[in-house]
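[1] what's the 3D shape of this:
(chains A and B, ligands or ions: 4)
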Amino acid sequence: MTATADKPAAEAVELVTLTIDGTEVSVPKGTLIIRAAEQVGIEIPRFCDHPALKPAGACRQCLVDVASPGPDGNLRAFPKPQASCTMTVTPGMVVNTQHTSEEADRAQKGVLELLLINHPLDCPVCDKGGECPLQNQAMSHGRPESRFVDVKRVFEKPLALSSEILLDRERCVLCQRCTRFSKEIAGDAFIDLQNRGARQQIGTFDEDVLDFDGYRPVGAAAEDEAGRAFSSYYSGNTVQICPVGALTSAAYRFRSRPFDLVSSPSIAEHDSSGAAIRIDHRRGTVMRRLAENDPVVNEDWITDKDRFAFTWQNLDDRLTRPLIRKDGELVEASWPEALAAAAAGIRAATAPVEGDDAVAGARGTGVLVGGRVTLEDAYAYQKFARAVLGTNDVDARARVASEEEQSFLGATVAGTGLGVTFGELEKAPVVVLVGFEAEDEGGVVFLRLRKSLGRQRVVAVAPFLTRGAQKLDATLVPTVPGREPGALADLPADVREALAQPGAVIVLGERAAEAKGTFTAALDLASSTGARLAWIPRRAGERGAVEAGALPGLLPGGRAVSSKAARAAVAQAWGVDSLPSAAGRDTAGILAAAAEGGIGALVVGGVSASDLTADVEAALAATGFVVSLEVRRSEIAQAADVVLPVAPPSEKSGTFVNWEGRLRSFATAIHTDAMSDHRVLDLLAREWGVELGTATVESVNAELAALGAAGEGSGPPRRPPSRHAPPSPRRAPRCSRRGTSWSTRARSRTASRTSRAPAASPWPACRRRPRTRLESRAP
Amino acid sequence: MSGSDEVWKVNRERDGKRETFESNLPKKGPIGEALAPVAGFGVSLRNFFRPTVTEQYPRVKTPPMQRYHGRHQLNRHPDGLEKCIGCELCAWACPADAIYVEADSNTPEHQVSPGERYGRVYQINYLRCIFCGLCIEACPTRALTMTNEYELAGPTREGLIYEKQDLLAPMGANMLAAPHPMVPGTTDGSYYRGEVTGPVKEQVEWVREQRPEDPTLPENRAKEPATEEARRG
Ligand code: SF4
Ligand code: SF4
Ligand code: SF4
Ligand code: FES
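    Ligands and ions are numbered 1, 2, ... in the order given. Next up, the predicted model:
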């Protein structure tokens, strides 16, 4: 279901009492019969009904006998069985399902037989076989034999709707779940019902079909209903909700059967939403990824990126052993050899050059983290930079970044715990998007905004209304790129007024860093109107990196490098004498310095050259020594002197912090001997004789917990809280199913002393996702 | 009182009575009683004069009963296409988890079985198989059957994992080795209904064009009569 956990305590609801199969049940007014039956454990077969979609009554599988009291108070039965997924309960209603009514049972069996008339019954070659509602319900509620002896309707199959989605029209039961999802949830009606009667089918838009003369097969996917090129960011969800094998995934085609798969719950790594997913793998290879239901984050849906972009980690260029450059060639080496070579190389490249003081002083080191690593990894990178390399030149923002953005992040994002949530974003009366394209950058954020279509006003401060913004029915505040601050300063009066409503939200995207002054303007706007601010970056690791202090000017927990007290506190926690105090450079600064030969050694994490506008190739070439921590032989790995292989997200555990500030921890899905970045850095630090203490996720979490959020005076100056904002960043802990507020962290130091060591976890109650393995085959 | 008390009482009563064992074999007469200690030799004596049943395995191999559950075989359609569609139903049915299947898509350039899907990887682990035949019952296309072959022993574990090429039925006299296109104008249904009886001209031509050396082409068959035996290996 799609209830949000962020709901305030339920108001008194009007209850309706009815009888289902002789059991009395009271449910809130407006509940559908099928849902009421679920509450008393009675299952009614269904195909088209989906809790997140509006009722359609398309398949007729859920027929039940219904009688309700007439005006005279006497029970009056409906003349025919009724669809329980479209009828709401009324007081005194008496419902008899297939369990108690022969009539309903007969009706259901008849419907199922009819649905199977044109079905090809090709379960042995169908990808849905073994997990198919049609197969299951035909077994549980169907007739054993069909009476249909004629020739079945045939269609050409499979039809490629897109590169990822295949349609088999013969198997379709016309439940319209897919078309309803596309229209209601995603807003891309890229498929629709076409033709009528026995020829009725799902298909892509095609002029020839709409204008058909007799029957013609639907052509290849080209354009959607409105004649625009096919594009949907969420089309994969239709594959998951199709109750038969009509819509299947090209990537999963004939790859395996449900009983072959081991399912591991995880968190998607492709955007900052932290969507819950299920990774299905067979013999150590990921076969597919599905959306998991998480009411507070992604509800039932994920983006196509999160669903289909998983093959990258098993390609031929995957690194499994460390590489060392010998005579200009990268050759495989053992771990001890590679670690020693990396340390020796960094030392040699940064050693003071005799008689050249100027150069010696400038030849520092830099650490580029990339925005894709987990919280634990980001913490290890910055600790490695500060405690081992002695530099603040560490930056996780492999994108356009600015000093202003960093102060903003330090002051209003880092260490503030759960801020604006998905639920609050959905309920916000008005949302202003600045430098943020929800559909493209936000993943499921877009679906939440679209869910409130008609109830919410979306204002886009952008050069033009994009397709995504149009789907949100957004109003445009036109501005040329770079002039956002001005646009925010003189927003139309009505928008400004709307922002003063309680719950209004201003969303700042990653591109807000491109225009100088945008953050200041947004903060001014927020404090003058009382609207809340949400920073939604693009990459999964960005928020975690901010929390972990993997930014040049930020220490863990939102402490400022410039604050002496903060440096001392962190140095004490780490057991080092002092932390570097010189101001660090951001990614662009580090690369610019490197290009001029000012950087002796670079440690590069999850960065790819295409992330950056700078000439990475030239910068790496001019750097004395480059160590790359990579999953694959990327461009940067190829240019490095030592390459240390690290684990992709499915082969490690860790935590992504999503844009809300919610901790999204995930366990290892596939156990291999690949190591996480934080473990590799821990090993590397030993070459300097430094105990980094980041060998395990637990030890990093314990350290983060011990550090806690910045105390008063050690963080960057904070702005007074805005009118409708929560009074203080340290709110009561808010513990959801899979994530909790950061606020518990401040206290957990004391907590950890009193509780079992070393359980100094910052997130005591619900830190880690259950390590259950949902094996499809019963043990 | 309670039932258990009753049981306890009955048991105690029964302890008192000692029942003597009484055989229900027919009682022997006095002579029978006297010869009883050596009666067993009669059995040996009788068998001296019977034909022997010793089998001279492995010098002489006796065929087992016709429906003996021996090594599996993956059958072919009359035109040489494989019957297995890689559905994994056999793997699903197998109580010993002895079968491993990976399927793949048939393409016009690489049509291995009729229809959309074929079994790319097919393995039976004879260290696990208990020869129950449930896989045979599960197979929807009659691709999997069992032969009478019972010599399934070997020195290595790997050697007892039979791959698809070890399990595939030998090419029949008329068959054309897969991959090649289906008979024009047919669907997978035609194959299952037995409407395809052998390779047609188009298929032979296709193979001739793609793999002129293929030993199952009519012209190559004539040259190499021993190929079939060699293929059986
Ligand atoms: S393709 Fe699937 S989801 Fe869409 S109408 Fe057909 S059966 Fe329903
Ligand atoms: S005969 Fe039985 S044990 Fe052997 S492979 Fe078939 S199903 Fe498995
Ligand atoms: S042998 Fe039969 S049951 Fe097994 S995969 Fe092939 S077609 Fe399916
Ligand atoms: S589930 Fe009720 S009509 Fe389809």
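[2] and the contacts of the longest strand along chain B?
    When chain B is parsed with DSSP state E, its longest strand is strand B:117-125. For strand B:117-125, the surrounding residues in contact (Cβ atoms under 8 Å, 6 or more residues apart in numbering or on different chains) are A:125, A:254, B:72, B:74, B:82, B:84-87, B:98-106, B:112-113, B:160-164, B:167. The C-beta positions use only the backbone N, C-alpha and C, and glycine is treated the same way.
[3] ok, and of the residues you listed, which contact ligand 3?
    Applying Cβ under 6 Å from any ligand atom to those, one finds that B:84, B:85, B:86, B:87, B:101 fall near ligand 3.
[4] could you find the closest non-adjacent residue to the third one?
    In other words, residue B:86. Nearest residue to residue B:86 in three dimensions, chain neighbours excluded: residue B:103, at 2.9 Å (Cβ to Cβ, 6 or more residues apart in numbering or on different chains).
[5] surely that neighbour touches residue B:89?
    No - between residue B:103 and residue B:89 there is no contact under Cβ atoms under 8 Å: 11.1 Å.
[6] if you count what's nearby, which of these two comes out ahead?
    Under the criterion of other Cβ atoms under 10 Å in any protein chain shown, the comparison of residue B:103 against residue B:89 puts residue B:103 first, with 26 against 23.
[7] the more buried one pairs with what?
    Beta-bridge pairing of residue B:103 under DSSP bridges involves residue B:119.
[8] which residues touch it?
    Residue B:103 neighbours (Cβ under 8 Å, 6+ apart): A:254, A:255, B:85, B:86, B:87, B:88, B:117, B:118, B:119, B:120.
[9] at 6 Å what do you get?
    Shown in contact with residue B:103 (Cβ atoms under 6 Å, 6 or more residues apart in numbering or on different chains): A:254, B:86, B:117, B:119.
[10] CSV for those, including neighbour count?
    Below are these laid out as CSV (neighbours: other Cβ atoms under 10 Å in any protein chain shown):
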residue, neighbour count
A:254, 23
B:86, 26
B:117, 24
B:119, 24
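[11] alpha carbons of stretch A:557-567, in CSV - could you do that?
    Only the C-alpha atoms of stretch A:557-567 are listed here, as CSV (Å, rounded to 0.1, in the frame of the first residue of the first chain):
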residue,chain,number,x,y,z
GLY,A,557,29.2,15.9,11.2
GLY,A,558,29.1,19.4,9.7
ARG,A,559,32.2,20.8,11.5
ALA,A,560,34.1,23.5,9.7
VAL,A,561,37.7,23.0,8.9
SER,A,562,38.2,26.7,9.7
SER,A,563,37.1,26.2,13.3
LYS,A,564,40.0,25.5,15.6
ALA,A,565,37.7,23.8,18.2
ALA,A,566,36.3,21.5,15.5
ARG,A,567,39.7,20.5,14.3
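[12] how distant is it from the center of its chain?
    31 Å (Cα atoms, centre = their mean, to the nearest Å).
[13] before we move on, the earlier item: looking at the contacts of residue B:103, spot the one nearest ligand 2.
    residue B:119 (14.3 Å; Cβ to the nearest ligand atom).
[14] against ligand 3, how distant is the residue in the stretch 351-500 of chain A positioned nearest to chain B?
    Nearest residue of the stretch 351-500 of chain A to chain B (Cβ to the nearest Cβ) works out as residue A:443 at 30.4 Å. Using Cβ to the nearest ligand atom, to the nearest Å, residue A:443 is found at 38 Å from ligand 3.
[15] ramachandran coordinates for that residue?
    phi 60, psi -120 (degrees, to the nearest 10).
[16] next, count neighbours for it.
    Neighbours around residue A:443, by other Cβ under 10 Å: 31.
[17] hmm, back to that, which of the ones next to ligand 3 among the contacts of strand B:117-125 are buried?
    The neighbour count (16 or more other Cβ atoms under 10 Å in any protein chain shown) marks B:84, B:85, B:86, B:87, B:101 as buried among those.
[18] so which of those residues are in strands?
    Counted as lying in strands by DSSP E, out of those, are residue B:101.
[19] which residues of the stretch 101-250 of chain A score low on pLDDT?
    A:205-231 (pLDDT under 70).
[20] got the residues of it near chain B?
    A:124, A:125 (Cβ under 6 Å from any Cβ of the partner chain).
[21] who in the stretch 101-250 of chain A is up against ligand 1?
    Counting by Cβ under 6 Å from any ligand atom, the stretch 101-250 of chain A comes close to ligand 1 at A:172-178, A:202, A:242-244, A:246-247.
[22] with chain B instead?
    Nowhere does chain B come near ligand 1, counting by Cβ under 6 Å from any ligand atom.
[23] so which residues of chain B form strands?
    Secondary structure of chain B by DSSP E: the strands cover B:72-74, B:99-105, B:117-125, B:144-146, B:161-162.
[24] looking at those strands, which is closest to residue A:559?
    Set against residue A:559 and scored by Cβ to Cβ, those come closest in strand B:99-105, at 52.8 Å.
[25] the closest one near ligand 2 anywhere?
    Yes - using Cβ under 6 Å from any ligand atom, strand B:99-105 reaches ligand 2 at residue B:99.
[26] average pLDDT across that strand?
    What strand B:99-105 shows for mean pLDDT is 96.
[27] and stretch A:685-705, by the same measure?
    For stretch A:685-705, the mean pLDDT works out to 94.
[28] the closest residue to chain B within the stretch 301-450 of chain A: what's its closest spatial neighbour, skipping adjacent residues?
    Closest residue of the stretch 301-450 of chain A to chain B, Cβ to the nearest Cβ: residue A:314 (14.8 Å). Ranked by Cβ to Cβ, 6+ apart and with sequence neighbours excluded, the top spatial neighbour of residue A:314 is residue A:285, at 5.7 Å.
[29] next: residue A:21.
    Spatial nearest neighbour of residue A:21, excluding adjacent residues (Cβ to Cβ, 6+ apart): residue A:100 at 4.7 Å.
[30] model confidence score at that neighbour, please.
    With respect to pLDDT, residue A:100 has a value of 95.
[31] would you mind measuring from the residue nearest to residue A:398 when sequence neighbours are not counted to ligand 4?
    Spatial nearest neighbour of residue A:398, chain neighbours left out: residue A:611 (4.1 Å); criterion: Cβ to Cβ, 6+ apart. For residue A:611, the distance to ligand 4 equals 46 Å [Cβ to the nearest ligand atom].
[32] how about the strands of chain B, which one is nearest residue B:22?
    Of all the strands of chain B, strand B:144-146 comes closest under Cβ to Cβ, at 48.4 Å.
[33] anything in the closest one near ligand 3?
    Yes - using Cβ under 6 Å from any ligand atom, strand B:144-146 reaches ligand 3 at residue B:144.
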